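Novice: this one's sequence-less:
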């Protein structure tokens, strides 16, 4: 349930180039079910009961193209634009700089996870209000092995979680975390916040909240979106 003591934001990070798609167009602009992927993602947060203010982080070179898409699809969801940086770390930091409230809860989400459910967004916001942060994750369904110097070894599948977004934080945690210098193991916001000294809360994600990475992901996402209409 929404706590009126906080303001709510969603930083949607859309700086990917889609190299594994074998296409020149960045993957967040590829179309599924009649809309660019990025628009589906923005709509998931805009129509959510928390109604977070949306900050879109784009490569500066993509802004003109994005504005042309807004006109083409008559897409009028309110949002601010921040410029992406060299690393995802820099992009999130630039988005964070547009938030000036002291009591805010911020969800950071990958632009190319357009199928995120309303329930996952709610759980992450709810838990972040109570515990300071929440990251969406799903338990591994597969057996997992780790490569070692001696070869490889089995891991306990029950202890393995696959991390998704949104990753949601009270803003004081993010501000402290993003004062750090970038490190190569900062592959997501949870790693940055954890390095700043905060414990991370895992919240239930959902199986359809996958990151569109390969061409076959487009086919699956299209089918899922059509099944929801």
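Specialist: Structure's in. What do you need? Quick caveat, the model's predicted, so the values are computed rather than measured.

Novice: State whether residue 137 is indeed within a helix.
Specialist: No. With DSSP: H, G, I helix; E, B strand; the rest coil as the criterion, residue 137 is strand rather than part of a helix.

Novice: so where's this protein uncertain?
Specialist: 1, 16-23 (pLDDT under 70).

Novice: need the strands for it, in chain order.
Specialist: Here the chain has its strands, by DSSP state E, at 7-14, 31-32, 35-36, 53-58, 80-83, 104-110, 133-139, 144-148, 151-155, 161-170, 202-204.

Novice: mind putting the ones you listed in TSV, distance to residue 123 included?
Specialist: Placement of C-beta: from N, CA and C, glycine included. Compiled in TSV, those are given as follows (distance: least, C-beta to C-beta, whole Å):
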stretch	distance to residue 123
strand 7-14	14
strand 31-32	25
strand 35-36	25
strand 53-58	19
strand 80-83	25
strand 104-110	11
strand 133-139	7
strand 144-148	24
strand 151-155	26
strand 161-170	9
strand 202-204	5
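
Novice: what's the spacing between the nearest residue to residue 76 once chain neighbours are set aside and residue 35?
Specialist: Excluding the flanking residues, the one nearest residue 76 by C-beta to C-beta, 6 or more residues apart in numbering is residue 70, at 7.6 Å. In this structure, residue 70 and residue 35 are 12 Å apart, going by C-beta to C-beta, to the nearest Å.

Novice: same thing with residue 15?
Specialist: According to C-beta to C-beta, residue 15 and residue 35 sit 20 Å apart.

Novice: So for the two, which sits in the more crowded spot?
Specialist: Taking neighbours as other C-beta atoms under 10 Å, residue 15 and residue 35 compare with residue 15 leading, 22 against 17.

Novice: Pull the contacting residues for the closest residue to the more buried one other than its chain neighbours.
Specialist: What sits nearest to residue 15 in space, not counting adjacent residues and going by C-beta to C-beta, 6+ apart, is residue 84, at 3.7 Å. Contacts for residue 84 (C-beta atoms under 8 Å, 6 or more residues apart in numbering) come out as 13, 14, 15, 57, 58, 59, 60, 90, 91, 94.

Novice: Pull out the buried members of these.
Specialist: 13, 14, 15, 57, 58, 59, 90, 91, 94 (16 or more other C-beta atoms under 10 Å).

Novice: for the residue minimising distance to the centre of the chain, which residues make a bridge with it?
Specialist: Nearest residue to the geometric centre of the chain (C-alpha atoms, centre = their mean): residue 109, 1.5 Å. In this structure, residue 109 bridges to residue 12 when assessed by DSSP bridges.

Novice: how close does it get to residue 88?
Specialist: 12 Å.

Novice: what touches both of these two?
Specialist: Listed as contacting both residue 109 and residue 88 by C-beta under 8 Å, 6+ apart are residue 13.
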